[in-house]
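Peer 1: One predicted model, sequence on top.
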Amino acid sequence: MPLTTPLIKVSATKGYGAEVVLHGANYDEACEEAVRRSEQFGMTFVHPFDDEVVIAGQGTMGLEILQQVPDVEAVVAPIGGGGLIAGVACAVKETNPRVCVIGVQPARLPSMKVAIAEGHLVTLSPAATIADGIAVRRAGEKTQPLVQKYVEEAVTVDEEEIANAILLLLDREKTLAEGAGAAAIAALINRKVDAHGDWRRGMGGAALSCHPAGI
C-alpha cells in the first residue's frame, strides 16, 4: 500500500492476517513494489483490478443489488482502475439491460473517463486525492473494454464534494467512509448524474455502491 494509506485501512487489512508493506507515494509505486517482491520471492502476483477473476468476484455485488432491489433503475459506482464497476456493470446489464450504470471518478485522476474519451488507455500525471482507494493513473486493459460496453457514463467529483459526502455519511448514517466509498454519494448529492433524469427521482432511484475497495 502507498505510504499515504489511511491508518484505518492498514489496520483493517492487518486484522485479516495480512502483512502490510507501505511503499511509494501512490498506487502505481506500491503496485510496482508488489510486482518486484513477487518476482524476488517467487510469489503469485494478484492484480487488484485488471484480472478476470477479480472482476468476476466484484460482479457478485451487482448480483446482490439485483437480488435486494429487483426494480433498481440505476447503479452509481466508484471507478479507479475499473475492476469494481466492470464486474458490477457486466453482472447487472447482462441480467437486466435496462438498468443504467454510471461511474464516478475523482476529478484529479479521471483515468477511465479519459481512456473512454480518447479510445485508448492513457497514463495520467501523479495527483493526490482524498479518494485514495480509486487514485489510479491508468485504467486497466481488461476493465476498459467492459466499462466502454456496459457503463453509460463516467462523471467526476472534486475534493470538496467528496469530503462533504464523507461528512454526510458520518452525520446521517454514522458511517465513516473513505473517499473512494463516498464518491458515488458525492456525485448524487451534487447532481452530477441529473442528465439521466428518466430514472432519477430524488435519491430513491439509484443503488449506491460505496464499497471501500472501490478500485
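Peer 2: Thanks, I have the structure now.
Peer 1: just the helices in this protein please.
Peer 2: For the chain, applying DSSP state H gives helices covering 7-15, 27-41, 52-68, 83-95, 111-118, 143-150, 159-173, 179-189.
Peer 1: Compile those helices into CSV and extend it with columns for mean neighbour count and mean pLDDT.
Peer 2: Heads up, the C-betas are built off the backbone N, CA and C, glycines and all. Listed next are the helices of the chain as CSV, based on neighbours: other Cβ atoms under 10 Å; pLDDT from 0 to 100:
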stretch, mean neighbour count, mean pLDDT
helix 7-15, 12, 92
helix 27-41, 15, 95
helix 52-68, 17, 97
helix 83-95, 25, 97
helix 111-118, 20, 95
helix 143-150, 19, 96
helix 159-173, 16, 96
helix 179-189, 27, 95
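Peer 1: between those helices, which gets nearest to P126?
Peer 2: With Cβ to Cβ as the criterion, P126 lies closest to helix 27-41 of those, at 7.7 Å.
Peer 1: Need the residues that contact that closest one.
Peer 2: In this structure, residues lying in contact with helix 27-41 by Cβ atoms under 8 Å, 6 or more residues apart in numbering are 1-2, 21-24, 43-45, 48, 80, 126, 132, 135-138, 215.
Peer 1: PyMOL command for the buried members of the residues you listed?
Peer 2: With 16 or more other Cβ atoms under 10 Å as the burial test, the buried ones among the contacts of helix 27-41 are selected in PyMOL as follows:
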select buried, resi 1+2+24+48+80+132+135+136+137+138+215
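Peer 1: picking that back up, want to throw the helices of the chain into CSV with distance to I102?
Peer 2: Below are the helices of the chain laid out as CSV (distance: least, Cβ to Cβ, whole Å):
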stretch, distance to I102
helix 7-15, 25
helix 27-41, 23
helix 52-68, 13
helix 83-95, 9
helix 111-118, 11
helix 143-150, 11
helix 159-173, 15
helix 179-189, 7
